[in-house]
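Visitor: Just a sequence and a predicted model for now, questions to come.
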Amino acid sequence: MSQLTEIRGQVTNVRYRKGTFTIAVVDTKDETVSVLGDMLDCMAGREYVFRGEYSYNAKFGKQFRFKEYEESAPEDTDGVIAFLSSGLIKGIGPKKAAAIAAKFGMDTFSILQESPARLAEVSGISLEKALEIGRIYKEHQEFADVTVELQKMGIGVSYAVRLYEMYGADAPEAVREDPFQLVDDIEGIGFKRADEIAKKVGLPPDDDGRVRCGINVLLSYAVGEGHTFLPREELVGRAAEMLEVPRETVDDRLVAMVFEGDLKVDTLQGWEVVYPPAFHTAERYVATKLAALSQEEMRPLGADADSLVDAAQHEIGIVFSEEQRKAVLDCLDKGVLVITGGPGTGKTTIINGILRIFRDNGVKTALAAPTGRAAKRITETTGHEASTLHRLLGYAYDEGTREMVFGKNETDPLDYDAVIVDEASMVDLLLMQGLLKALKLGTRLVLVGDADQLPSVGAGNVLADILRSDYIHAVRLKEIFRQAQESLIIVNAHRIDHGEYPSCNEKGGDFFMMERGSEEDIRRTILELVKDRLPAHYALHDPLQDIQVITPAKKRGLGTIRLNELLQQTLNPPAPGLHEIEAAGRTFREGDKVMQNRNDYLLAWRSADDFSEGEGVFNGDVGYISRIDEEEETVTVVFDDRYVTYTSDILDELEPAFAVTVHKSQGSEFPVVVIPMSWFPPVLATRNLIYTAITRAKEAVVIVGMQRYLNAMVDNNEAAHRYSGLAERLQAMIEPAEEEMVTFPEDMLPQEALYEED
């Protein structure tokens, strides 16, 4: 690493500040130069030492980009006056600063530090004010000293502020003792950054905290990939490789972590596997509670179940198929029922039938889905008000634990006789645990979903595992209804699911393949389709809302990042009167289509209908920017019927949604879906991913790209396997072993590579 250049001078002007990023003009003995970098505060008149490198900007000329800085003591009384009157200490202006400097000269700072009461010797300064000035100066110096020490360890200003808030003056010592604690304490500091800090403070590679952190980080990566555990041999091997330490060293630390309760070890098919404790507990609980609910004897709703189904048919105005009738009948006497099937197999019709029977027989029923959009859709198709699972379970911030918790649980269960969950393939292990904890024994649970779609974003493979176990009663819908057979979207979805190539471009059809030979041509065609051709052909009411571009990837030329830039420029370009704001590395503009990218249960909203207020905006919610206040740096977004205002510090919760990933589209439906098709990494180019993408469309699917890559996706049925033991735990309840022993399929045995980057 090259030696940093050091310059020293007085700030004469602060040109720009955004957060901690600062551009200031500095007078040194030799020159006047613009400096750029992160500073906690920066005021004209103060003197600093900056360490960094000179650079040249075509527009702004010579600049100095600093990586480290520290405030330096003034070299004369003019500097003392400039410091005191810089605004750091309220109530001290140039006149009072001059009086203090005249009285104490270059001893001013030692007086401030050691004998602040002496400031009362200056006319107009009371003893109380003198002590207050001393306190402010000491706090300023303490933080400045902490910042300098932390910068030497490679810790920037923004992180230094948070460390100072957490540890005070002891922050440098806390970092030196255990830099890997920062991974847990400070959001944004990962293992790599902590490891760099550890090297600077001289910790050895086999440091206990480093090895423990490495093990936890790999398990955290695994959870992020959807796994609930890792095989012990695989975990130890990967950790030894990442940390560059012997396997024995990793294994010794792992044993200690298990002994201390930081990890859980179990045995699956003869392999030792390692769980984060929360997921081990959740998996065991979900299996046990599902078994208990399924074994409860249900109270009959009437003397003749067939009559109840006939009455529901009459009320809805349809005749159930044999499969549908069986599903509705099974729901009447099963504690837990899974209904699974692809598009066009009548899942919503079954839900309607069940809801009517339950309503007519006094069965108090909750209808829920994992996401807000999925809940809205099932509300529209059934006429029965649905909520998100998180809202149903009262997910909220707990002041006592300072964590998000489910308000409904074993001690305060849901007051329902039945709960129906739609889009159950999206429910992860921890959410299922939360739901089951809130259900009293005797409550009916109906899980409805398409097991062939992508699994949940969160860890676990709940719906697929329940079906694979054969322990919970399930109805598998295979019949495609005649009306659905008229849609190539539905027909092709089933063809793809069976490994057959889709049929495209039939006259009067709704499934199209536009062959394009390069990514540039694909992008150009998508822009033409979305802007002009599709709105004209389908006479869409709102093209921005009714057309959705869905792509497998975030990165690369056909990922969401690049496509969103182009689509924003095409569909919502800069224009007079359209306000915009730069934030989180993006330009947000009034009229933009945006998506919430994480669950924020405390974010306030106001109803557009009745002006009622509430809290909670959820991952995957799509809205439109209605107003940007550039002065206040706020962005107001309309989500369906709710207005939400984002301040600048939380704008990273929003991302453009002109194009979204297939994973983000789950639970949503759009009139028209456009899908780019080129080479994508094999982990993304899978059958269940393209299946999920096309089933998001109601009226038309347009695939733009290369047919051979579409065929390759259909051929690739190697969906990323997840390490999960739920199915085996349920199977173990059918034939309990002498000791707890669960197995997993051969295709889920330890894999060499779990984590392929997009």
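Guide: Done, it's in. Numbers count the residues shown, from 1 in each chain.

Visitor: Only C-alpha atoms from now on, for both contacts and neighbour counts.
Guide: Noted.

Visitor: and Val33, what does it touch?
Guide: Counting by C-alpha atoms under 8 Å, 6 or more residues apart in numbering, Val33 touches Val25, Val26, Asp27, Lys62, Gln63, Phe64.

Visitor: With secondary structure as extra columns, can I get the residues you listed in JSON lines?
Guide: Compiled in JSON lines, those are given as follows (DSSP: H, G, I helix; E, B strand; the rest coil):
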{"residue": "Val25", "secondary structure": "strand"}
{"residue": "Val26", "secondary structure": "strand"}
{"residue": "Asp27", "secondary structure": "strand"}
{"residue": "Lys62", "secondary structure": "strand"}
{"residue": "Gln63", "secondary structure": "strand"}
{"residue": "Phe64", "secondary structure": "strand"}
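
Visitor: Would you mind listing which of these are buried?
Guide: Val25, Val26, Asp27, Gln63, Phe64 (16 or more other C-alpha atoms under 10 Å).

Visitor: Tell me the one of the contacts of Val33 nearest Val701?
Guide: Proximity of those to Val701 (C-alpha to C-alpha) peaks at Gln63, which lies at 51.4 Å.

Visitor: Bridged to the closest one, which residues?
Guide: Ser34, Ser55 (DSSP bridges).

Visitor: Touching, it and Ser55? I think so.
Guide: Yes: Gln63 lies in contact with Ser55 (C-alpha atoms under 8 Å); the separation is 5.3 Å.

Visitor: and stretch 655-664, C-alpha only, in PDB?
Guide: Extracted C-alpha coordinates of stretch 655-664, given in PDB (Å, rounded to 0.1, in the frame of the first residue of the first chain):
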ATOM      1  CA  GLU A 655     -35.100   0.400  -4.900                       C
ATOM      2  CA  PRO A 656     -36.400   0.900  -8.500                       C
ATOM      3  CA  ALA A 657     -39.100  -1.600  -9.600                       C
ATOM      4  CA  PHE A 658     -39.400  -1.000 -13.300                       C
ATOM      5  CA  ALA A 659     -37.600  -4.400 -13.400                       C
ATOM      6  CA  VAL A 660     -37.600  -6.900 -10.500                       C
ATOM      7  CA  THR A 661     -36.000 -10.200  -9.900                       C
ATOM      8  CA  VAL A 662     -38.000 -13.400 -10.100                       C
ATOM      9  CA  HIS A 663     -37.600 -13.900  -6.300                       C
ATOM     10  CA  LYS A 664     -39.000 -10.400  -5.700                       C
END
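
Visitor: Please work out which residues outside it touch it.
Guide: 454, 457, 544, 548-554, 559-560, 563-564, 567-568, 592-597, 620, 622, 689, 692-693.

Visitor: Stretch 548-555 now?
Guide: With C-alpha under 8 Å, 6+ apart as the test, stretch 548-555 has contacts from 558-562, 658-663, 665, 670, 672-676, 680, 684-685, 689, 693, 758.

Visitor: Buried only: go through these for me.
Guide: Here, 16+ other C-alpha under 10 Å leaves 558-561, 658-663, 665, 670, 672-676, 680, 684-685, 689, 693 buried among the contacts of stretch 548-555.

Visitor: Skip ahead from the lowest-mean-pLDDT helix or strand in the chain and say which helix or strand is next.
Guide: Ranking every helix and strand in the chain by mean pLDDT, DSSP states H and E puts helix 482-485 at the bottom, with a mean of 65. Once helix 482-485 ends, the next helix or strand along the chain (criterion: DSSP states H and E) is helix 488-497.

Visitor: Which of the residues in the helix or strand following that next one are classified as buried?
Guide: Using DSSP H and E, the helix or strand that follows helix 488-497 in sequence is strand 511-515. Counting neighbours by 16+ other C-alpha under 10 Å, one finds that the buried residues in strand 511-515 are Phe511, Phe512, Met513, Met514.

Visitor: what two of those are the furthest from one another?
Guide: Greatest spatial distance among the buried residues of strand 511-515 (C-alpha to C-alpha): Phe511 and Met514, at 10.2 Å.

Visitor: hey, what's in contact with both of those two?
Guide: Among the neighbours of Phe511, those also in contact with Met514 (C-alpha under 8 Å, 6+ apart) are Val702.

Visitor: circling back: got a markdown table for the buried ones among the contacts of Val33, with pLDDT and distance to Asp417 too?
Guide: Output for the buried ones among the contacts of Val33, formatted as a markdown table (pLDDT from 0 to 100; distance: C-alpha to C-alpha, whole Å):
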| residue | pLDDT | distance to Asp417 |
| --- | --- | --- |
| Val25 | 93 | 69 |
| Val26 | 93 | 71 |
| Asp27 | 91 | 74 |
| Gln63 | 91 | 69 |
| Phe64 | 93 | 68 |
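
Visitor: Kindly indicate which of those lies nearest Asp609.
Guide: Using C-alpha to C-alpha, Val25 is the member of those that lies nearest Asp609, at 50.8 Å.
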